[in-house]
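Engineer: My questions are about this predicted structure, shown below with the sequence.
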Amino acid sequence: MSQITYMKSRFFLFLMLLASALDAQTVALARQQPAGAVVTVRGVVTNGPELGSIRYLQDHTAGIAAFPGSGSVPGFSNAVKAGDSIEVTGTLVDFNGLLEISPIQSFQVLASGLPLPAPRALTSLAELNESLESQLISVPCVVFAAGGSTFNTNGTYDFADSDGNVSRIFLRSGHPLIGSSIPGGPILLFAIASQFIQTQLLPRYAADMQPSPCFYFTMDVDVDDFGQTDLTLSWQTNLTSPTILLWGDGNKTDSVYLQSAQVTDHSVTLENLSPGTLYNAQAVAIHNSDTIRSQVRVFATTSASTGRIKVFFNYPVDETVAAPFSPDGDSFDECLEEILNRIDSACCTIDLAYYNNNRNDIVSRLHAAHTRGVQVRYVAAINASSTALQPPPPFPVLYGNDMDLMHNKYLVCDADLPDHAWVVTGSMNWTTENMTKDYNNMLCIQDQSLARSYVREFEEMWGGSAALPDTNRALFGSEKTDNTPHQFRIGGVPVSLWFSPSDGTTSQIRQALQTSDFDLQFALLTFTRDELATDCADAQSRGVSVRGIIENIGDQGSEFNYLSNNGIQVFTHTRPGSLHHKYAVVDATNPDSDPLVVTGSHNWSSVAEERNDENTLIIADERISRLFLAEFERRWAEVSTASPEPGDLTQARVSPNPACTFLRVQIPANTAVGRLYDSAGVLRHTFQPEGREMELPIGFLPQGWCLLQVIEDNGRATTLPFQKICR
């Protein structure tokens, strides 16, 4: 590891420790902190007093234990029960291999009576690993060594799965299972994965041991094909079963489809359905006397809408690349006009979720829609500025995601009317700077299936379908579930829709990138996800032409240098205004290679994947791909004027280090710009070089670790950490 990489890692760790002391974080991020760190997490509790005073909680990213040991605030064990959503702050400690929060400095029960997280279904004990610690899991085909006898005392009891892998459960004194019979045959075991020197599983009560002759789903319900009036769904079981599907529209699964033949591969075609409608489906499988049920999944029929997909940019594109196509608009004025037209054209409902908004003209049109009888419902970010919503408008506004960001940007009009249902989405916030100065894209899609899917996600945040929000039921961030359709056919174009953090959006972006055969372009505000950078590098290594533009290359964990070091042409965006896009274009130069576009509100970062409310579209279409390629080529031409002889970034130096009032900087001759970041990663100063050596005043920087970023005019960059310390 180089000294620079080592120092950056130390600086990243410092920032993570700082963040952990200031606000709640995902459980996965908390688990990355060292023992002794103080963390604040939120999650749903999966056990009660049957396991003693300890409580296990998990969010969508991971699980962790909270133990009210010596020095903890009183009342934790009595107040916290299974199904509670809690926030807990305390110190991380490794107790005989189990990562715990103890002592507990503070806790708060945020909600009660919530459904427990779905157990992570393992197919064998071989899948049990550290990443599952403190999570609720299920293991099929479990047989106890002492089957037929009695759980007669506290301690461990060994068992094996169908592959012969061995593990153990642990029962504490007073556990409800003590005195009951040990199952004599195979069971489906539900338990919390824990450790005490070695792995041990913690069942909570008798219902965690369900007799089952090794019967389970090997493939969940998924869609094979769909039209306006039909859906073909399939799934698999490991043992034969009749094919049974519970299904229905709305929130129901009250209709039954039954085929009596005993099979393991199941397929159902539902017919005479309604166009543009969301249907719930749950498979039921029966083998002998054993019955299992899949999770409820949601699918959509193709709508009877026009399927028109309009593409807008707020800056001009390269028209020679776009030909024979052209965008529906490539200026701020055209974007704004489209937004206002959509609002003015709505007759019945408008649902919108926007990160921030200072456009009084847009809010004025929403006000006018509300006045003429349109139901307007608005979700805004609690951690952003929406000055146009002050004073409060006459329509209801719910501010959400107090842990991280409600980062969505979408508007849905008249979702229940096939000819009037529109979705407006993309990367554009409703602020003057983001619309007029920054670079953004916007899609307007006339499709009822898609509109209803966005509304279902909206109502999860809204807390229901009523005109007014229900704050007791409103769910944001990691509290949400994967409850919307993903696959659509809009005007004949395959489209998929993914919401963060519930739907695993990064894995879907990865699959899109991995389809590249000829070329791959990306334009991003920030890029910090390792696996996506690896996919770009892998594409480059197999002969795909990969190019990218990144705005914030100074973000902690930026992939800029990794990409450049792997031979990828990547430039920072140094022009006025931020490159606010979050898009990728795959194989747009080859119509026979299934070109596609990824776009939406989702930055390629961990906070977008794990914590923020985001939406992403993946559209497989030649026209749309060509238009986004035309946008990329125009931006590329603006930033890619390469220097014939790149400078030697290894010669960049700062001194003294630590520094107090000034910093001496030695930089390459072709440095285009320099940036100073404070200890929180906030850009504090941008400067143009005045020669290879210069002296920068740093009195305005707070004390602590800081960063100097040096960017050459060919886009290459390096980051030099230093300490600001004044004694």
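Structural biologist: Perfect, I can see it now.

Engineer: quick one: low-confidence parts of this structure?
Structural biologist: Applying pLDDT under 70 to the chain picks out residues 1-23, 641-651, 672, 679-682, 713-718, 727.

Engineer: Report the contact partners of the residue of it most remote from its centre.
Structural biologist: Taking Cα atoms, centre = their mean, the residue of the chain most remote from its mean C-alpha position is residue 149, at 46.6 Å. Residues near residue 149 by Cβ atoms under 8 Å, 6 or more residues apart in numbering: 181, 182. Placement of C-beta: from N, CA and C, glycine included.

Engineer: ditto for residue 50
Structural biologist: By Cβ under 8 Å, 6+ apart, the contact list for residue 50 reads 175, 176, 204, 205.

Engineer: cool, residue 86 as well?
Structural biologist: For residue 86, the contacting residues are 42, 43, 45, 55, 57, 80, 107, 108, 109, 110, by Cβ under 8 Å, 6+ apart.

Engineer: same thing but 6 Å
Structural biologist: 80, 107, 109 (Cβ atoms under 6 Å, 6 or more residues apart in numbering).

Engineer: what does residue 431 give?
Structural biologist: 356, 358.

Engineer: Residue 540 versus that one, what's the distance?
Structural biologist: Going from residue 431 to residue 540 by Cβ to Cβ, to the nearest Å gives 35 Å.

Engineer: CA atoms only for stretch 279-286, dumped as CSV, please.
Structural biologist: Output of stretch 279-286 as CSV, limited to C-alpha atoms (Å, rounded to 0.1, in the frame of the first residue of the first chain):
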residue,chain,number,x,y,z
TYR,A,279,-50.8,-7.6,-9.2
ASN,A,280,-49.5,-9.3,-6.1
ALA,A,281,-48.5,-13.0,-6.3
GLN,A,282,-47.5,-15.6,-3.7
ALA,A,283,-46.6,-19.2,-4.5
VAL,A,284,-47.8,-21.9,-2.2
ALA,A,285,-46.2,-25.4,-2.3
ILE,A,286,-47.4,-28.6,-0.6
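
Engineer: Contacts for it, please.
Structural biologist: Residues from elsewhere that reach stretch 279-286, judged by Cβ under 6 Å, 6+ apart: 221, 233, 235, 237, 241, 244-249, 253, 292-294, 296-299.

Engineer: Would you mind checking these for buried ones?
Structural biologist: 221, 233, 235, 237, 241, 244-247, 253, 292, 294, 296-299 (16 or more other Cβ atoms under 10 Å).

Engineer: Which member of those residues is positioned nearest residue 325?
Structural biologist: residue 299 (31.0 Å; Cβ to Cβ).

Engineer: May I ask which helix or strand encompasses residue 106?
Structural biologist: strand 98-111 (DSSP states H and E).

Engineer: Could you list the alpha-carbon positions for that strand in PDB?
Structural biologist: Taking Å, rounded to 0.1, in the frame of the first residue of the first chain, the C-alpha atoms of strand 98-111 are listed here in PDB:
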ATOM      1  CA  LEU A  98     -19.800 -11.200  19.000                       C
ATOM      2  CA  LEU A  99     -19.900  -7.500  18.000                       C
ATOM      3  CA  GLU A 100     -22.200  -5.700  20.500                       C
ATOM      4  CA  ILE A 101     -23.200  -2.200  21.400                       C
ATOM      5  CA  SER A 102     -22.400  -2.000  25.100                       C
ATOM      6  CA  PRO A 103     -22.700   0.000  27.200                       C
ATOM      7  CA  ILE A 104     -25.800   1.600  25.800                       C
ATOM      8  CA  GLN A 105     -25.600   5.400  26.100                       C
ATOM      9  CA  SER A 106     -29.200   6.100  24.900                       C
ATOM     10  CA  PHE A 107     -32.100   4.400  23.100                       C
ATOM     11  CA  GLN A 108     -35.500   5.300  21.700                       C
ATOM     12  CA  VAL A 109     -38.400   3.200  20.600                       C
ATOM     13  CA  LEU A 110     -39.500   4.800  17.300                       C
ATOM     14  CA  ALA A 111     -42.400   2.400  16.500                       C
END
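
Engineer: C-terminal to it, what's the next element?
Structural biologist: Next helix or strand after strand 98-111 toward the C-terminus (DSSP H and E): strand 120-121.

Engineer: Pull up the pairing partners for that next one, direction included.
Structural biologist: strand 136-144 (parallel) (DSSP bridges).

Engineer: Would you indicate which residues of the partner strand are buried?
Structural biologist: Within strand 136-144, the residues that count as buried by 16+ other Cβ under 10 Å are 136, 137, 138, 139, 140, 141, 142, 143, 144.

Engineer: next structured bit after it?
Structural biologist: Taking DSSP H and E, what comes next after strand 136-144 is strand 155-160.

Engineer: by contact count, what packs against the helix or strand following that following strand?
Structural biologist: Counting by DSSP H and E, the next helix or strand C-terminal to strand 155-160 is strand 166-171. With contacts taken as 3 or more Cβ pairs under 6 Å, 6 or more residues apart in numbering; DSSP states H and E, strand 166-171 sits against strand 155-160, strand 198-202.

Engineer: Now do the following helix or strand past strand 166-171: distance to the chain's middle.
Structural biologist: Following strand 166-171 in sequence order, the next helix or strand is strand 187-196 (DSSP H and E). In terms of Cα atoms, centre = their mean, to the nearest Å, the centre of strand 187-196 is set 27 Å apart from its chain centre.

Engineer: Return the set of buried residues in strand 187-196.
Structural biologist: Applying 16+ other Cβ under 10 Å to strand 187-196 flags 187, 188, 189, 190, 191, 192, 193, 194, 195 as buried.

Engineer: Adding distance to residue 515 as columns, could you present those in CSV?
Structural biologist: CSV is the format used below for those (distance: Cβ to Cβ, whole Å):
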residue, distance to residue 515
187, 42
188, 37
189, 39
190, 38
191, 39
192, 38
193, 35
194, 40
195, 40
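
Engineer: that's a helix at residue 547, yeah?
Structural biologist: No. Assigned with DSSP: H, G, I helix; E, B strand; the rest coil, residue 547 falls outside any helix and is strand.

Engineer: Write down the beta-bridge partners of it, one by one.
Structural biologist: In beta-bridge terms (that is, DSSP bridges), residue 547 pairs with residue 521, residue 569.

Engineer: re the thing from before, what's the closest of the buried residues of strand 187-196 to residue 629?
Structural biologist: residue 193 (46.3 Å).

Engineer: Distance check, the closest one against residue 135.
Structural biologist: 6 Å.

Engineer: need the contact list for residue 399.
Structural biologist: Residue 399 neighbours (Cβ under 6 Å, 6+ apart): 380, 382.

Engineer: And what about it, helix, strand or coil?
Structural biologist: strand.

Engineer: In a helix, residue 342, correct?
Structural biologist: Yes. Using three-state DSSP, the assignment for residue 342 is a helix.

Engineer: Counting neighbours, what do you get for it?
Structural biologist: Neighbour count of residue 342, defined by other Cβ atoms under 10 Å: 20.

Engineer: if we can go back for a sec, what's the closest of the buried residues of strand 187-196 to residue 98?
Structural biologist: Nearest member of the buried residues of strand 187-196 to residue 98, counting by Cβ to Cβ, is residue 195, at 4.4 Å.

Engineer: isn't the closest one right up against residue 98?
Structural biologist: Yes. If you go by Cβ atoms under 6 Å, residue 195 and residue 98 touch, sitting 4.4 Å apart.

Engineer: residue boundaries of the helices in this protein?
Structural biologist: According to DSSP state H, the chain carries its helices in the segments 3-22, 27-31, 76-79, 319-322, 332-345, 360-371, 432-436, 448-462, 505-514, 530-541, 560-565, 606-610, 622-639.
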